[in-house]
Structures are given as structure tokens and as C-alpha cells.
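A.B. asks: Kindly return the folded structure for what I paste below:
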Amino acid sequence: MLGTMRGTLVPARSQLLALVLASIAATTIAARADDGLVDVRTLPRLEGAVENPARTEPHSLGYGVPTPVTITTPAIEKLLAADGWVEYLRPLEESGGSLLFKKGKQGLFVSFTQGLKRPDQSVVSYNSSRINADLPFPAAATNIMFDDRRPYLGCVSAASVDANLDFFRKELIASGWSPLSDADIAARWPNAKTAQKIENGMRAYYGQDTHGGYPQPPIVLSLQRRGDGNTSIEIKVAPFALPQDLRVIRDTVDLPEPDHTPSFGSTGSRDSTSRKVEGVTVAEIPVVLAFYRRELAARNWKEEAGGAVVSDNEATLNFSSPEQTATLKLSRKYDLTTISLVARVKEAALAARAKAKKDADDKFMTDAMATAKQMMAADEVRRAAQAANLSDAPLQAQAGAKTPVPLPENAENIEFDAEDGKLEFDSASSVKTIATFYRESLKSQGWKEQPSVINKSNMVVMEFSKAGKKLSFTAMQMGSKVNVSADGSGLVMANSKPDAGDNQASSALAGKSAAVANLEADPDSALPLPKLHTMSSTEAGKLPGTDIAFRRELEASIPAELNSVLAFYRSELAKRGWKESAERAVIKPDQVQLAFSSPDGPAVLKLGRNNDETTVNLAQKNPAAAAKGDVMPKPGQAKLLFGNLGDSEAAVIINKQTIKIAAGAGGPQAKGPTLELPPGKYQYSLKVAGGPVRNNAIEVAADDAWGLMIAPDGDVLSLHVY
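C.D. replies: Take a look at the predicted model:
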């Protein structure tokens, strides 16, 4: 059996005088304290209480007891009742295991938690609470339902109607309330309907301008004798003082929410097949009905006669729109009206939505397949045209090369890192010719080639080993050149670095005289292009199924000197408002790279020489379109956008990450996954259900975006979209 103890200990005799003096001082301070909040340190505690000093304050404290919550809770109820505290519940609220008490004008909130890792112990928390709408409780009242935030009290008393009427008249007047006569009410609320008499009971009205600083509306006291001899008591805001007209405070999931709602919530969204709003309002049912009839009609909902039920305490109405049905349910309990409005999409509308989605998906797939085929065909034509310019003539080793492996005689743009063992260069020879060169030259040096699955006309990967050292070569056609990159321990040269002059151009274009051809612009080209050209292609970087171009690119071959073509583009681009930037500009006798800022975004012009012609690559980006289309990469990063035109899920492994792409992903109806990567060259493998693993590679630059579209046959189309 739990005992009790008070929060104040009896002092020793030698300390009595000091205590008396301290008590006098404390009494003076307490007189100035907030008497609306109880000092919880003075409240009784259960026997065996262990106080938590870190949680002890005038209005909040916690202590532990050696009993589980199931025993502690009823013990607290008994303990506080003996101290004059009356327990109550709030209307339409779950207690959640906590308790509410009232004593005079003060409130108390008590909560319980299980002891840390000790289910046989519990922690009790006392928290003072302010009673903003105080109403007196009759002695020995039961079933108390009270709201400390607004004037509401419901309970049962064993006393008679007259005895309760006399009790409340005295207590309410003492609290600052004044009786309201019919004449008083009519003077301020002309349309008010009042009734003093009810069956086996009576009503009385009271008013008050302010109550403890909080304005309070007039209240009605209802007393009624029950069949068991007890008296039902209810105090609430007088109906004539409640809101008589509700307004929309907001639309929630596309359904109207009224004002004067202490709580309101929703499930679903405006696009869901089923959505719901629910909550409570202080307004009475007729007012709530008028609100929803008016607001739903304004939103093209029609009220249906079937299934309608309207009474004093409940109402059910059905509504319909061309695509949806809705059911409104209202219920009046205590002094609140509960609201539930559920809207559902009609079966016919669901079928129409499904058909529209299927039609859109089918159109996307048709457009995507057509676009993919066109781009694949254009890509093949472009690659074939570029490959035709690549040389198949046997290669000789470059004389005087300072690398551990031979270099082809036509190697250019050579970059060699002896410490890290990395080599990269460009060549005008075909992929097959370069592969043959290295297979033959390395074999003669004792290197043994390992089998490779990548051996195509536009890309080859070769692995070699010798005496514990390894070499890895990748030769890939990149436009009108073949890029070769190699790495491995066989390239590492200790204490050796290539001369700085090995990778520098012999001279720049500036100051060098050359014949300048008079080039004239082609008026039908979207990007500047001389009429004099032997090859040209213009591509728009966009994803299949969309019409938004994030990037435009022109490739051409001009039978003119490089400086003539450069002069042409500087002139034509300036006419279009493009501004040349000196930053990172490259100007060499056989190579130019210039950056421009155009009205639509940044652009890069690249010029080179091949087969006595000047090659042109002009690419322009549209950052605004890229940002809107969620294509823009993070600054300094590259972005991959994956799409799957097939019927089966595909998986791409790249940079030690596995990206799963669902069938049909990558279109307007279903966006595909994306991946941000640092600039560089990446090998990746693709696996489509039921098909073999395919290996490939992609090189990406900073601030670029590429689309990797997987065709139904498993081929991958790389699209430079930004």
C-alpha cells in the first residue's frame, strides 16, 4: 500500500527561528506570485519518491517511484484527490495515459513514463497549467468533462436541480459572472432564441465582459433531473453567441476548411482517388451545413437528395461533381461539431484517367522509339563520316618518345604522368589501327595481352602484363579523332618526368600570316555555318518524348584554313550578341578552343585540322531550360540521366554504384534516376533482364549532362543533353 509525504520537511528546533523569518519573507514574495499557477514543489508525492533536481522548478518537477505505471497512476489519483484536486477529462480528447486536475482556479497536468530500462519503476511529472476559462465544480460531481480553454463543463451531481442552481448562482456571481435576463439578451442579440424552462429542469444565462484578463462569451447553464434521481449539468457558450456564419480559412486537399476550428486535418492529396478532411468546430450543425452547401456549390459540386439525413445532433449529405462524389458527416457532441468530408473519384473518371495515362505513355514510347531510332541513325552516319576520315595506314613508332611504351607517329596532345603511371593522347588513326599498333609493338617487347570483352570498331580495351607489371589501354573514337588513355604500373617511371616542352605547341596563330578565305554564312543554318563546307550536322540536346532543347551542337568540316574559319566565327557570333571570353582560351596552329557567353547561355567553339580541312564543333547551352527540366548538374559536376525504352528493368553499374532503371522510366510520365559524378572517363556495365552483360564507357566534363537511353534490344544511346 503506497503511503504519502509532503514536499516540505519539519526543521530541527535550532533552525526554527531562521525558518520563521524565511517564511515571513516567502509569504511576502508569494503574495506577489502568480496565483493562477500552482507551485508544484508544494504538492504531495508518493512514498519512495526520488526527486530529479535537474527537473525541479516552481511549475514543473519530476520524481521516480519504485512501482510500474499501472500501479502508480491510480495511486496518484487517490493521492491528489485527498489533497483537494478534482480530476476531469477534456471533450473529444484522448488522455494518452496522462491526467488533468483542477483545484480552485489552478490546473495540474500529470504524466507518467516507464523508468529507464526498468519496467518495474515509473517517473511522475507534475506540470502546472493555467485555467483560462474557470467554472466551478459541484461537490462530489462525477463524469466531469471540462475544457480549461473555453467555457464548457459537463458533469453529474446527486444534488437536486434547485440546489445546483443555487450553488452555481453563488459561485458564478462570485467569479464575476452576472445573470442575463431575456431583455438583456434581446438588447445585444436581437435574434437570440432563449428558453428558461426545459423538461424536468431549467436554464439560466450569464454574461461577463472579461474574466481574469481573458474575454469570455455569454454562457448558458442547463440543469435537468435524470431518471435515476441525479442531475445532469452542462455549462457552455450560449448558442446565440456562437459563430452564425463560417468563412473559408483555406482549401485543404482541394476541399474547403472553415474558420473557428480548434483542430483540423486531412489525408490524401488533391490528386488522390480518395481524400478526406476532418476536424471540429464550435459552430452548430445548421451553420456548418450552410457553409458546406455554399462552398461546395461554388466549386461545382451538386447536392444529392439521396441518403440525406439531418437532425439536431447529426447530419449526412451527399454531393457529386462531374468526376467525383463526396459525403459530408456532422455530429454534435458536448459543445463541438465534428466534421468529416470524404471525396472519391468516380469509377468512370478513374477509367478515363487510366486511359489518358496509357495514351500518354504509349505516345511517349512511340515518340521515344522514333527519336531514338533517328538519333541512332544520325549517330551512325556521323560516326561513319568521322571514321571515314580516320587513317587505316599502318603506324610507326614515334622517334624520341620518352615514355615506357611506344607512341604512334601521329600522336598529339600527349599528356604523360610518370609518377602516377598515366598516359593520354589523340590520334588521327582508326581504333583498329591503334589497337594493331600496340598489340604488335608490345608483343615484341614481351608483354602478354589478356582477353577483353570490349573490342569494337569505335572502342577497344586492351590489358597487358609482364613480369608483375600491368598496362591497360582504352582507345575510343571521339568525333574526328581517337582518344587513347592508358594506365598501370608498367607506365610508372621513378625519378623521371617528361620535359615541359614535350606537350607545348610549336607556335600560336597570333602574328602568323595565312591566306584568309572569304567565307559566307549559310542563312538556313540555326548556328553559324559557312556555305563552303563538305560535312555538317546540327543536333539538339533533349530527352526523348520532350520538345525542350537544353543544348545545341554543330559539327562541320570546312575546306579552308583554320585562321579563316576562326575569323568567320568571331565575326558571325559577334553579330548574334555572343561575347568572347579570354578565360581558358586555347589558340594553336592546328587547334582552337574559345568560350563565349550568348543570350541563351554559355557556348564553346572548337576548331581543329583533319585531312587538310578545318573541323568545327560549336556547342551552346541553355541553363534556364536545363534548370526547369531538372537537367542542370551541380557546379563542377557532371550529371547522368538514365532512361529505359524497354519492357524489362535494367541495371547500370558505374563508379561502384548500381543504378536500377525501371521499364519506361526516363519520360514525362515517369522520370528516370539520375547520378552526379566528378568530371572524367567512366567504364560501366549494363544488365537487362534476360540479356548478357554489356560493357561500355562514357567521358563527361564539368557542368555537362548526358542521357543514357537503353533501347529495347539492350543497346545504349548516349545523348549529350546539356
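A.B. asks: alpha carbons only for contacts and neighbour counts from here, please
C.D. replies: Noted.
A.B. asks: Need the pLDDT of V431.
C.D. replies: Taken from the predicted model, the pLDDT recorded for V431 is 93.
A.B. asks: from memory it sits against M478, does it?
C.D. replies: No. Under the criterion of Cα atoms under 8 Å, V431 makes no contact with M478, lying 10.3 Å away.
A.B. asks: and E440, which of the three is it?
C.D. replies: For E440, the secondary-structure state derived from DSSP: H, G, I helix; E, B strand; the rest coil is helix.
A.B. asks: V431 and M478 - which one has more neighbours?
C.D. replies: Using other Cα atoms under 10 Å as the criterion, V431 and M478 rank with V431 on top: 28 against 16.
A.B. asks: give the contact list for that one.
C.D. replies: Counting by Cα atoms under 8 Å, 6 or more residues apart in numbering, V431 touches 457-460, 475-477, 482.
A.B. asks: Phi, psi for it please.
C.D. replies: Dihedral angles phi and psi of V431 (degrees, to the nearest 10) take the values phi -60, psi -40.
A.B. asks: Mind pulling the model confidence for the residue lying closest to W189 once chain neighbours are set aside?
C.D. replies: Using Cα to Cα, 6 or more residues apart in numbering and skipping the chain neighbours, the partner closest in space to W189 is F240 (7.1 Å). F240 is assigned a pLDDT of 93 by the prediction.
A.B. asks: Counting neighbours, which of the contacts of V431 comes out on top?
C.D. replies: Highest neighbour count within the contacts of V431: A475, with 27 neighbours (other Cα under 10 Å).
A.B. asks: hey, where'd the strands end up in the stretch 251-400 of the chain?
C.D. replies: With DSSP state E, counting those that start in this stretch as the criterion, the stretch 251-400 of the chain has strands at 255-258, 263-267, 274-281, 302-310, 314-320, 324-333, 336-345.
A.B. asks: Now the weakest link among these, please, by mean pLDDT.
C.D. replies: Note on the strands of the stretch 251-400 of the chain: lowest mean pLDDT is at strand 263-267, with a mean of 89.
A.B. asks: can you state the direction angle for it and strand 274-281?
C.D. replies: Angular relation of strand 263-267 and strand 274-281 on a 0 to 180 degree scale: 170 degrees, by axes from the mean of the first three to the mean of the last three Cα atoms, to 10 degrees.
A.B. asks: Skip the chain neighbours and tell me the closest residue to A521.
C.D. replies: The spatially closest residue to A521, leaving aside those adjacent along the chain, is P530, at 4.4 Å (Cα to Cα, 6+ apart).
A.B. asks: and if you look at T142?
C.D. replies: Leaving aside its chain neighbours, T142 sits nearest to V156 (5.2 Å; criterion: Cα to Cα, 6+ apart).
A.B. asks: residues contacting that neighbour?
C.D. replies: V156 makes contacts with 141-144, 230-233, as judged by Cα under 8 Å, 6+ apart.
A.B. asks: which residues of the stretch 501-650 of the chain score low on pLDDT?
C.D. replies: With pLDDT under 70 as the threshold, the stretch 501-650 of the chain has low-confidence stretches at 501-517, 541-548.
A.B. asks: Spell out the secondary structure type for the residue lying closest to G201 once chain neighbours are set aside.
C.D. replies: In this structure, G201 finds its nearest non-sequential neighbour in Q224, 4.1 Å apart by Cα to Cα, 6+ apart. Under three-state DSSP, the three-state class of Q224 is strand.
A.B. asks: Please report how far Q224 lies from A139.
C.D. replies: Taking Cα to Cα, to the nearest Å as the measure, Q224 and A139 are separated by 17 Å.
A.B. asks: which one of the two has more residues nearby?
C.D. replies: Neighbours were tallied for Q224 and for A139 using other Cα under 10 Å; the higher tally belongs to Q224 (21 against 12).
A.B. asks: In helices only, show me the contacts of V156.
C.D. replies: Cross-referencing the contacts of V156 with the helices (criterion: DSSP state H) gives no overlap at all.
A.B. asks: and R570, how many neighbours does it have?
C.D. replies: As a burial measure, R570 scores 16 neighbours (other Cα under 10 Å).
A.B. asks: That one: helix or strand, and which one exactly?
C.D. replies: For R570, the element it lies in under DSSP states H and E is helix 562-575.
A.B. asks: Does anything pack onto that helix? Which helices or strands?
C.D. replies: strand 602-610, strand 613-621 (3 or more Cα pairs under 8 Å, 6 or more residues apart in numbering; DSSP states H and E).
A.B. asks: for the strand or helix carrying A75, which positions count as buried?
C.D. replies: Under DSSP H and E, the secondary-structure element containing A75 is helix 69-82. Buried residues in helix 69-82, counting neighbours by 16 or more other Cα atoms under 10 Å, are found at 69, 72-73, 75-77, 79-80.
A.B. asks: which SS state does A624 fall under?
C.D. replies: Reducing the assignment at A624 to three states with three-state DSSP gives helix.
A.B. asks: can you offset everything so residue one is 45?
C.D. replies: OK, 45 is where the count begins now, so the last one is A668.
A.B. asks: So it versus L719, what's the distance?
C.D. replies: In this structure, A668 and L719 are 20 Å apart, going by Cα to Cα.
A.B. asks: likewise A455?
C.D. replies: 34 Å.
A.B. asks: So which of the two has more stuff around it?
C.D. replies: Each of A455 and L719 had its neighbours counted (other Cα under 10 Å), and the higher figure belongs to A455 (18 against 14).
A.B. asks: Surely that one touches E468?
C.D. replies: No. Between A455 and E468 there is no contact, the gap being 9.4 Å when judged by Cα under 8 Å.
A.B. asks: Shouldn't the residue nearest to T186 be within a strand?
C.D. replies: Yes. Assessed by three-state DSSP, V200 belongs to a strand.
A.B. asks: Quick one: residues contacting S601.
C.D. replies: Residues counted as contacts of S601 (Cα under 8 Å, 6+ apart) are 577-580, 657-660.
A.B. asks: ok, longest strand in this structure?
C.D. replies: For the chain, the strand with the greatest residue count under DSSP state E is strand 162-174.
A.B. asks: Show me the contact partners of that strand.
C.D. replies: Counting by Cα under 8 Å, 6+ apart, strand 162-174 makes contact with 80-84, 103-113, 116, 149-159, 192, all of which sit outside it.
A.B. asks: could the buried residues of helix 113-126 go into a markdown table alongside pLDDT and distance to Y726?
C.D. replies: Compiled in a markdown table, these are given as follows (pLDDT from 0 to 100; distance: Cα to Cα, whole Å):
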| residue | pLDDT | distance to Y726 |
| --- | --- | --- |
| V113 | 93 | 61 |
| T116 | 95 | 65 |
| T117 | 95 | 65 |
| A119 | 96 | 70 |
| I120 | 96 | 69 |
| E121 | 96 | 70 |
| L123 | 97 | 73 |
| L124 | 97 | 73 |
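A.B. asks: Please spell out which residues along stretch 203-216 are buried.
C.D. replies: Applying a neighbour-count criterion of 16+ other Cα under 10 Å, one finds 203-205, 208-209, 211-213, 216 buried in stretch 203-216.
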